[in-house]
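Peer 1: Structure for the following, please:
(4 chains)
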Number of protein chains: 2
Amino acid sequence: MPYITTHEPNGETLYNIAAVERDTGLSKDTLRVWERRYGFPQPLRDNNDERLYPQDQLDKLRRIRHLMDHGQRPSKLIHLNAEELAQLMTRGAEYREPPAAVAEILRLLLAHDIEGFRGALLQQLMKQGLQRFVCDTVAHLNFWIGDAWLHGKLAIFDEHLYSEHLQNILRNAILEQPGRGGAPRFLLTTVPGEKHRIGLLMVEAMLCIEGAACVALGNETPIPDIRDGALALRADVVALSFSAAIPTQTALAGLQELRAVLPKEIAIWAGGGALGRCRKAPEGVTMLRSLEEIPSALANARDTNRALQAA
Amino acid sequence: MPYITTHEPNGETLYNIAAVERDTGLSKDTLRVWERRYGFPQPLRDNNDERLYPQDQLDKLRRIRHLMDHGQRPSKLIHLNAEELAQLMTRGAEYREPPAAVAEILRLLLAHDIEGFRGALLQQLMKQGLQRFVCDTVAHLNFWIGDAWLHGKLAIFDEHLYSEHLQNILRNAILEQPGRGGAPRFLLTTVPGEKHRIGLLMVEAMLCIEGAACVALGNETPIPDIRDGALALRADVVALSFSAAIPTQTALAGLQELRAVLPKEIAIWAGGGALGRCRKAPEGVTMLRSLEEIPSALANARDTNRALQAA
DNA sequence: GAGGTCATTTTGTCCTGGTCAGAACTCTAA
DNA sequence: TTAGAGTTCTGACCAGGACAAAATGACCTC
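Peer 2: Below is the predicted model of the structure:
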């Protein structure tokens, strides 16, 4: 995988198709098909007739991808310019303005005041408690960071910084929960292709604080391995998180596939942006439409469990 | 990305080419070229003439990939059977037998005794101290877990479990270090394509315990963003980890690319399996051949830094 | 207005069968 | 033992076609 970026004498940076695939998440096939169908992107060619994408085309592709992750379709986006793309994002968003605390945390991140940023996150966690922190602050942060990036106010490394620190904070909070032994036992993971870890950590936090026993398998566990893991670890519930970056249909396919191989005594819980757009859950899958539902869903599961035990 | 696995009436599981790419890390192009050139893999076809790989071919491909990650070449591997492949791995390895403590930790992992496993890791950390723990225990565990997987003794979800718990332990250990403000300041990350997080955490642990100021950017930061981050965070050293899973040449290309965009005052440190096979570092890159070298390299850097300050 | 069905359009993945550059290896000479 | 030259190996990329599945929209029913 020789990701090549050449630096032209005029200072322009050019990316080959592999680099563009890596940076946008659009497959090489898709890039070639768009060029054929829509006339965009329109890369230069090197001596060997291979595609070389200029920086601005890469940037536009990343914006398009970001909007597609939020449900837009490529043909509607491909001929818009950067500004039009940025506007599309904020319009129709469920969030209008970040709350003051979130705005302050964002400000510290953008100023690269790492200590202050970390401190503000921790302070907010202490103030709100883990569940409100996760449902309010983190959810807003996720949205506004995406938005800031789209408007060019925030670099990729800022996102990495955010993700890394938030992970540390959430993991730490989770570790500090006793995690009593009682049923139901949860296995948390994502299907292959789903790289976002934060969503899963948010769910784990919501569960742990209620005293649920959780085992996290990390990201991208192949379906047969989720089954093997659930059996080996005697899980009662497998919880999966699907970010908006993964197509709804892929998420549903993964759920059905898992349901087919998992014994019916083991429940499946699923949630996340990818499922927000779809009506009803596949047979045998509990769909969680928001993090707030988790505590009551857990209470239900415990009741059911007790009823089963009694019977 | 419709990763399809069909379950045939006879109970056999079949994977399409996208699923095989995802599970093996071999590109679709490579899979097709191998079929054309070597006659393996030799997938079935569906109604639409698309490839369907049976389970055993997928397993063999994963073993081949694992050995290629350790420097073997495909043509030497492609016609061997599972047993011959497994033998190749242990032969010529630098490790002959896991130390007792490592064997015990492995045993607990394989028995899915999560509490015991976590406890044993923590105990070993306390006993050895962070640096010996990272250099000895973790390094051995990484090797033997790969080996156990190759011999079919260990499932993917066991690896995920291991990775998740080790991450928690290392992140926690790192957070507990004060991380004094003094120079040199380190920025830690990996280049795109390098997904392994453990290696980076091991480096961070080695540095933090010596009181170095570290900022971790997580994995797969695009090169221009590494530069932006290093400047914004005023790093003195950018440290990169390259696992054996990434081709040596890709690693070197990444290093050269970064060196080209980074001001020469900022040092680059690089290490990991991918660089073990190559003679000398690119100009302007400090190559760390093992984790043990880190403390002395840090001491050197501090001396240099003091000398510069004095001048 | 919610929900269902069907045709149409959109979209991305897969296919074949090439070409080619650069890495890895082998051989030879110093 | 090293250095250089020649050879083989390897995987990335290309074009352009086919096709299935998802999304959309039109129309109908409850």
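
Peer 1: so what's the residue of the stretch 51-200 of chain A found nearest DNA strand D scoring on pLDDT?
Peer 2: Relative to DNA strand D, the nearest point of the stretch 51-200 of chain A is A:Arg51 (3.5 Å; C-beta to the nearest atom of the strand). (C-beta placed from N, C-alpha, C; glycine too.) Model confidence at A:Arg51, given as pLDDT, is 95.

Peer 1: tally of neighbours for it?
Peer 2: Neighbourhood size, A:Arg51 [other C-beta atoms under 10 Å in any protein chain shown]: 20.

Peer 1: got a list of what the residue of the stretch 1-150 of chain A found nearest DNA strand C touches?
Peer 2: Across the stretch 1-150 of chain A, the shortest distance to DNA strand C (C-beta to the nearest atom of the strand) belongs to A:Ser75, at 2.7 Å. By C-beta atoms under 8 Å, 6 or more residues apart in numbering or on different chains, the residues touching A:Ser75 are A:Tyr38.

Peer 1: Let me know the secondary structure of it.
Peer 2: Classification of A:Ser75 using DSSP: H, G, I helix; E, B strand; the rest coil returns helix.

Peer 1: any idea how far it is from chain B?
Peer 2: 20 Å (C-beta to the nearest C-beta, to the nearest Å).

Peer 1: Likewise for A:Leu308?
Peer 2: Here A:Leu308 is placed at a distance of 24 Å from chain B (C-beta to the nearest C-beta).

Peer 1: How about A:Leu240?
Peer 2: Computed as C-beta to the nearest C-beta, the A:Leu240 to chain B distance reads 14 Å.

Peer 1: Confirm for me that that residue is in contact with A:Glu257.
Peer 2: No. A:Leu240 lies out of contact with A:Glu257 (C-beta atoms under 8 Å); the separation is 11.3 Å.

Peer 1: More neighbours: those two, which one.
Peer 2: Neighbours per residue, other C-beta under 10 Å: of A:Leu240 and A:Glu257, the larger number sits with A:Leu240, 26 against 21.

Peer 1: doesn't the more buried one fall inside a strand?
Peer 2: Yes. Under three-state DSSP, A:Leu240 falls within a strand.

Peer 1: Could you find the closest non-adjacent residue to it?
Peer 2: A:Ala270 (4.9 Å; C-beta to C-beta, 6 or more residues apart in numbering or on different chains).

Peer 1: doesn't A:Gln57 make contact with the residue of the stretch 51-200 of chain A closest to DNA strand D?
Peer 2: No. Contact between A:Arg51 and A:Gln57 fails when scored by C-beta under 8 Å: they sit 10.1 Å apart.

Peer 1: tell me, what's touching the two both at once?
Peer 2: Taking C-beta under 8 Å, 6+ apart as the contact criterion, the residues that touch both A:Arg51 and A:Gln57 are A:Pro43.

Peer 1: Now do the SS call for the residue lying closest to A:Leu154 once chain neighbours are set aside.
Peer 2: Nearest non-adjacent residue to A:Leu154, counting by C-beta to C-beta, 6+ apart: A:Ala148, 4.0 Å away. Secondary structure state of A:Ala148, per three-state DSSP, is helix.

Peer 1: and the stretch 51-200 of chain A, which residues reach DNA strand D?
Peer 2: A:51, A:73 (C-beta under 7 Å from any atom of the strand).

Peer 1: Alongside chain B, which residues does the stretch 51-200 of chain A contribute?
Peer 2: Proximity of the stretch 51-200 of chain A to chain B is confined to A:112, A:114, A:155-157, A:160-161, A:163-164, A:167-168, A:171-172, A:175, A:189, A:192-193 under the rule C-beta under 8 Å from any C-beta of the partner chain.

Peer 1: Out of these, list just those in strands.
Peer 2: Counting by DSSP state E, these place A:Thr189 in strands.

Peer 1: Could you pull up phi and psi at the residue nearest to A:Leu240?
Peer 2: With angles defined as degrees, to the nearest 10, A:Ala270 sits at phi -140, psi 150.

Peer 1: how close does the residue nearest to A:Leu154 get to B:Gln177?
Peer 2: As judged by C-beta to C-beta, to the nearest Å, A:Ala148 and B:Gln177 stand 31 Å apart.

Peer 1: swap in A:Arg65?
Peer 2: From A:Arg65 across to B:Gln177, the span is 38 Å (C-beta to C-beta).

Peer 1: A:Ile174 now?
Peer 2: Distance from A:Ile174 to B:Gln177, by C-beta to C-beta: 20 Å.

Peer 1: cool, and A:Ala205?
Peer 2: Distance of A:Ala205 to B:Gln177, computed by C-beta to C-beta: 24 Å.

Peer 1: And those two? Which one has more around it.
Peer 2: Neighbour totals were compared for A:Ala205 and B:Gln177, and A:Ala205 leads with 26 against 17 (other C-beta under 10 Å).

Peer 1: Return the backbone torsion pair for A:Gly271.
Peer 2: Here is the backbone geometry of A:Gly271 (degrees, to the nearest 10): phi -160, psi 180.

Peer 1: which ones are touching it?
Peer 2: Contacts for A:Gly271 (C-beta under 8 Å, 6+ apart) come out as A:203, A:239-242, A:287-291.

Peer 1: what do you get if the cut-off is 10 Å, keeping everything else the same?
Peer 2: Contact analysis of A:Gly271 by C-beta atoms under 10 Å, 6 or more residues apart in numbering or on different chains lists A:199, A:202-203, A:239-242, A:281, A:286-291, A:293-294, A:297.

Peer 1: So for it, what pLDDT did the model give?
Peer 2: Per-residue pLDDT puts A:Gly271 at 86.

Peer 1: For it, give its distance to A:Met206.
Peer 2: According to C-beta to C-beta, A:Gly271 and A:Met206 sit 10 Å apart.

Peer 1: got any residues that touch both of the two?
Peer 2: Common neighbours of A:Gly271 and A:Met206, counting by C-beta under 10 Å, 6+ apart, are A:239, A:288, A:291, A:293-294, A:297.

Peer 1: Output those residues as CSV; include the columns secondary structure.
Peer 2: Formatted as CSV, the shared contacts of A:Gly271 and A:Met206 follow (three-state DSSP):
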residue, secondary structure
A:Ala239, strand
A:Leu288, strand
A:Leu291, helix
A:Glu293, helix
A:Ile294, helix
A:Ala297, helix
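
Peer 1: of all these, which comes closest to A:Glu12?
Peer 2: A:Leu291 (44.0 Å; C-beta to C-beta).

Peer 1: Run a quick neighbour tally on the closest one.
Peer 2: Neighbours of A:Leu291 (other C-beta under 10 Å): 20.

Peer 1: swap in A:Glu104?
Peer 2: Look at A:Glu104: counted by other C-beta under 10 Å, it has 16 neighbours.

Peer 1: circling back to that earlier point, which member of the shared contacts of A:Gly271 and A:Met206 is positioned nearest A:Glu84?
Peer 2: Nearest to A:Glu84 among the shared contacts of A:Gly271 and A:Met206 is A:Leu291, at 32.3 Å by C-beta to C-beta.

Peer 1: A:Val28 against A:Pro43, yeah?
Peer 2: That one is not Val; residue A:28 is Lys. No. Counting by C-beta atoms under 10 Å, A:Lys28 does not reach A:Pro43; the two are 11.8 Å apart.
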